[in-house]
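Participant: No letters, just coordinates:
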Ligand SMILES: [Zn+2]
């Protein structure tokens, strides 16, 4: 081979090497900033990566920037491992890396025609089971408020917020049981939610009028499902508007069972989240929601860690606004969902 030929061969080998180097090492890793309180687990989960699959790759990629015991330093940027694609063919691997989760959509008729298709956003709540009870229902409308000649029934508004919460939890990979269910009404965007007595208890039991029988029915089905899901992270959330008559200073109240430190933790996370949201969106409003223990039948007798929520007073003008606008009902559900995700992901750190 002539000198010229040798040089050409070296150049072409170098070019080939550069090409390979590029394809192996110059991938476009997505960078994310660690927030205070973040660990590798929560950061990965928030970005749709299952820690059991991506933990090692994350540590390898970011070893220069981790604190003691592989902790994250808040405010620092970290590279996310590339998502492994299920069908990793050579052709696919030359395409730009996949950073968003492929959306999987599942139909749940309970949400009604407009909301029944639920797309999975991420798997942050994978492995969790939630039992959601909206207060009252069936023959019992709960508290009744009045607005311009229309009756506002607690059970309908509590149900709508609860459905929205259920949908949000499903979007993040949770398993959800709507314990009180309305086979006719899905999520509704109207401000006046027409009262009815359609609600049944999971799966389709008639709800009794007697209060003790009604509460026992809910507790029994939750405990039965709890047994079936033993070993999973399970939570019960019960949503009411207001079950007591109060003065003008009404806010969102969170209750837990006195001996349940996990219930208290979830309730506190919810309250903190609500306070942050109100401080951000309505700073002049002030927020006085509280967390306290309470001796309620469901809190006392249900097996999963539980939180009982009162979202406000259906007879109070300011609170009525909170419930009558569909966007506000959605915001309440989103904040509850966010709290639930925080509680779960921080616990597993
Ligand atoms: Zn109630």
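Facilitator: Perfect, thanks for sending it. Predicted model only: the values in this text are computed from it and were never measured.
Participant: Following the chain onward from the lowest-mean-pLDDT helix or strand in the chain, which element is next?
Facilitator: Lowest on mean pLDDT, DSSP states H and E among the helices and strands of the chain sits helix 90-93, with a mean of 41. For helix 90-93, the succeeding helix or strand toward the C-terminus, using DSSP states H and E, is strand 105-107.
Participant: pLDDT averaged over that following strand - what is it?
Facilitator: On average, the pLDDT along strand 105-107 is 96.
Participant: Which neighbours in the sheet does that strand have, and how are they oriented?
Facilitator: With DSSP bridges as the test, strand 105-107 is paired with strand 117-119 (antiparallel).
Participant: Tell me the gap between the partner strand and the middle of its chain.
Facilitator: 14 Å (CA atoms, centre = their mean, to the nearest Å).
Participant: buried set for that strand?
Facilitator: Residues of strand 117-119 classed as buried by neighbour count (16 or more other CB atoms under 10 Å): residue 118. Where you see a C-beta, it was placed from the backbone N, CA and C, and this is true even at glycine.
Participant: residues in contact with that strand?
Facilitator: By CB atoms under 8 Å, 6 or more residues apart in numbering, the surrounding residues in contact with strand 117-119 are 103, 104, 105, 106, 107, 108, 111, 167, 170, 171.
Participant: Looking at those residues, which is nearest residue 127?
Facilitator: residue 170 (13.8 Å; CB to CB).
Participant: do you know how far that closest one is from residue 119?
Facilitator: According to CB to CB, to the nearest Å, residue 170 and residue 119 sit 9 Å apart.
Participant: what do you get for residue 131?
Facilitator: 23 Å.
Participant: And residue 321, by the same measure?
Facilitator: 30 Å.
Participant: any idea which helix or strand comes after the strand or helix carrying residue 177?
Facilitator: Mapping residue 177 onto the secondary structure by DSSP H and E places it in strand 175-178. Sequence-wise, the next helix or strand downstream of strand 175-178 (DSSP H and E) is strand 180-181.
Participant: what about that next one and the ion, touching?
Facilitator: No. Counting by CB under 5 Å from the ion, the ion is not contacted by strand 180-181; separation bottoms out at 11.4 Å.
Participant: Alright, that wraps it up for me.
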